[in-house]
Structure formats: C-alpha cells, structure tokens
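**Student:** model the structure of this input:
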Amino acid sequence: MCCTDRGQKGKGATGHPCAGCGGSEEMASQNNDQRAEIRLSVERRNVHEFYHFTSALQIPLIARHAAIHPRSVLRVRDVPFIDYPGRWGSPAKAEELIGFVSTALVAPWGMMKDDCHPVLLSLRPHLLWSGRAAFIGIWASDNRIKGLADVESRMSAEDFDSMFGGPRNARPQPPAEVLIRGSVSLSDVQRVYCRNAYSRRILVELLKAEFPKAGPEFEIIDRPGLFNRFNAA
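**Tutor:** Residues are numbered from 1 along each chain as shown. The predicted model follows:
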C-alpha cells in the first residue's frame, strides 16, 4: 500500500519515502537490505511457520474470500465480523491498527470457548520478510504499544531479533506478536491446527458444506498441545 493511501505523502510504512511517492533508490535499497536481513534471521532460526488464531467457524468465510482480511477490508466490503476493541487495548488504538492482521511466532493461547472451536492457521514464513510485518513482540493491547506510528517503527531485522532471548535457534519469547499490514492470502495458509478431533470434524463438515466440489488446499491437523498456554507440540 502506498503511503498516500494513509494520507502521509512522502512517508512509507517505516516512516521513510517510498518508491511510489518518489522516494530515492538509495532508500529502496536500504529497505531491501532490511528484508534480506530479516530473511536470513528467519532461516537461521529455523522458523518454518507462525500463527493466526481464530475460530473454525470463520474458516469458510476466510476460504470464500481467499484471504485473512484485516478489519479495514472487512468493513469496506461490508462483511459481518465480531469486533473486540479491547483486543487492541482501547477503541482508539483498535481504529489506528484496523489495517493489520494479528499473528504470532508463538502459538497464541486464547480465551475462546470450546464451542467456538479455536484453530491456529499456520502461515508461510516469507510473510515475515515481506516488508509488511511489524515485530511488536508484546501484545498489541499492551500500553507500551502506543499506536500506528509505534507499530510501524518496529519492522526491522533488529526488531525481529529482539523477540528472541538468545542466539540462532533460540525460541521466541512469548507472546512474540507480529502484526501483518494488509491481507494474508489463503495461499499463505499452510495448514490448520485444531484443538481436538471433534473440532477438526466440525471444520471438515463446514468446508464440505461451503465447497461441495473442491475446498481449499491446506492440511487440517489435530494438535492439542499448541493450545496450551504458550506451549508447542
């Protein structure tokens, strides 16, 4: 998205001039260098996936729209969704960050009830060096996250590395939240992890009802250990 779409002429996502607004080739090169550094760190740390937490009941909608859309897109397209401003800390911050999708390097532990059939979408790691990822590390609702400008200042390789407590293969420190600006394509969903076999059956039936001929091409797997608080299995 060009910076002029946010009414900030001459400023890109990291606060620098962007190519679409006449930014310098030198700045574009610096941004490419940052993305390359993030990729090296992701690969060095063997990060093969990260996660988006949602309900199995939302997966047919995500599949129908072929993307995980931020609230801004859902609002413009008049797609019904449940909004929780408190999820972002305050209504004002929720509005500032309306263009982001919440993800995390550590499988998020949510308070979603069993009858909502919580699931985790495994996302392809290239999104982390796409230039759209903000590595905030703590939850967006935390008072230390001040708003859009603060989030967009956390998109560097240094910010990515700060979410890890040690060298190379060290695990990220929970919650390791990453905000992705804009939509996440369905093609970037590798698999869906379910809390239990019952939730998986519910999801399979929902997708069969929505797509009777051919559904989306991602694996659906039981992985109950991922739904413990900040545990992986």
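**Student:** name the helix or strand of this structure that has the lowest mean pLDDT.
**Tutor:** When the helices and strands of the chain are scored by mean pLDDT, DSSP states H and E, helix 25-44 comes last with a mean of 86.
**Student:** helices and strands around that one, which ones?
**Tutor:** For helix 25-44, the elements it packs on are helix 157-161, judged by 3 or more CB pairs under 8 Å, 6 or more residues apart in numbering; DSSP states H and E. In short, each C-beta sits where N, CA and C put it, glycine included.
**Student:** just checking: what are the partner strands of the very next helix or strand once past the helix it packs on?
**Tutor:** Next helix or strand after helix 157-161 toward the C-terminus (DSSP states H and E): strand 177-181. Sheet pairing of strand 177-181 (DSSP bridges) gives strand 100-104 (antiparallel), strand 133-137 (antiparallel).
**Student:** which residues does Gly147 contact?
**Tutor:** Residues near Gly147 by CB atoms under 8 Å, 6 or more residues apart in numbering: Ala92, Lys93, Glu96, Leu97.
**Student:** need the per-residue pLDDT for it.
**Tutor:** Per-residue pLDDT puts Gly147 at 96.
**Student:** the most centrally placed residue in the chain and Phe135, how far apart?
**Tutor:** Closest to where the C-alpha atoms of the chain average out (CA atoms, centre = their mean) is Thr103, at 3.2 Å. Relative to Phe135, Thr103 is positioned 11 Å away (CB to CB, to the nearest Å).
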